[in-house]
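Engineer: Only the shape, not the letters, is given here:
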């Protein structure tokens, strides 16, 4: 493409999810409710973990970080999407677009790495229960969490810099947010290197953590099958069921979106999958971990009883 057609833009325009006003209002109400449930649910998880000393163990340390990451990820895209659903002018400045893409990439990266760390935690809990607190000591937990953050920050920065240093031929993004694949479609120069970088990033952020999760659960399943009592097997599996459900949702949507060639996936499909990952998954995570977890339910009851006692 000729150099005269290459443009450095100061703002972008988002097409969003629909152009029909009635549909946009309905979506606004739906996503507002889901957004409030997401923030409330994850905040409750964080508060319970901070207040209840019985939850001060590695499993809930990672769960608290996951809830914080879900809140940050949701806040990077959903508030703007809600505003745009009621706005005729769906624009976003270049710098806000850079910041939004970077934050969403960082939080998404951290979540994948964190899920693999949580899988290792469950592996130790099931396969080495007598040495659990010795192996999963505070230093290791903090080190794993720090590594997740550092790698996510570095990988996301590389991706964002490589995209936003490119010239864009178009300003209209067929998405509800500044998403990496949608942004690549606006570039008017060869993006072969960017495709390679997306593939490398996908291996680092999705394939590698997923492999670690599968490796951990292969050992977990083998250990559970060696348990003689059915009650013991149910209890052991119950400690992993919530995490495995969340892992399936997160990695499943990521594989569908990012582990295919850039030109092979439908833009509308990408928007729906991104919507599921940005809105639905962060809302479901606290529900999955609380409804299937007696420790979290017990902590909630104890906190509510203390509040009732103070009000009397």
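Structural biologist: Thanks, I have it. Quantities reported herein were computed from a predicted structural model and do not represent experimental measurements.

Engineer: Residue 157 reaches residue 101, doesn't it?
Structural biologist: No: between residue 157 and residue 101 there is no contact under C-beta atoms under 8 Å: 11.0 Å. (C-beta placed from N, C-alpha, C; glycine too.)

Engineer: For the two, indicate the residue with more neighbours.
Structural biologist: Neighbour count, other C-beta atoms under 10 Å: between residue 157 and residue 101, residue 101 has more, with 23 against 13.

Engineer: Give the closest residue to the more buried one in space, chain neighbours not counted.
Structural biologist: Leaving out its chain neighbours, the residue that sits closest to residue 101 by C-beta to C-beta, 6 or more residues apart in numbering is residue 178, at 4.3 Å.

Engineer: Spatially central residue for the chain, please.
Structural biologist: In the chain, the residue lying closest to the centroid (C-alpha atoms, centre = their mean) is residue 108, at 4.3 Å.

Engineer: Report the distance from the helix or strand residue 148 falls within to the chain centre.
Structural biologist: Per DSSP states H and E: residue 148 is located in helix 138-164. Relative to its chain's centre, helix 138-164 lies at 14 Å (C-alpha atoms, centre = their mean, to the nearest Å).

Engineer: If you count contacts, what does it end up packed against?
Structural biologist: helix 58-85, helix 94-127, helix 180-184, helix 192-202 (3 or more C-beta pairs under 8 Å, 6 or more residues apart in numbering; DSSP states H and E).

Engineer: Quick one: work out the angle between the last one and helix 138-164.
Structural biologist: With axes from the mean of the first three to the mean of the last three C-alpha atoms, to 10 degrees as the basis, helix 192-202 and helix 138-164 are set at 160 degrees to each other.

Engineer: List the buried residues of helix 192-202.
Structural biologist: Buried residues in helix 192-202, counted by 16 or more other C-beta atoms under 10 Å: 194, 197, 198, 201, 202.

Engineer: Now render these as CSV, adding distance to residue 210.
Structural biologist: As requested, these are exported to CSV (distance: C-beta to C-beta, whole Å):
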residue, distance to residue 210
194, 23
197, 19
198, 16
201, 14
202, 10
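
Engineer: any idea which of those is the one closest to residue 188?
Structural biologist: residue 194 (12.7 Å; C-beta to C-beta).

Engineer: Looks like the closest one contacts residue 185 (just checking).
Structural biologist: No: under the criterion of C-beta under 8 Å, residue 194 is not in contact with residue 185, lying 11.1 Å apart.

Engineer: From residue 281, how far off is the residue nearest to residue 279 when sequence neighbours are not counted?
Structural biologist: Computed as C-beta to C-beta, 6+ apart, the closest residue to residue 279 that is not its neighbour in sequence is residue 34, at 5.4 Å. Residue 34 sits at a distance of 11 Å from residue 281 (criterion: C-beta to C-beta, to the nearest Å).
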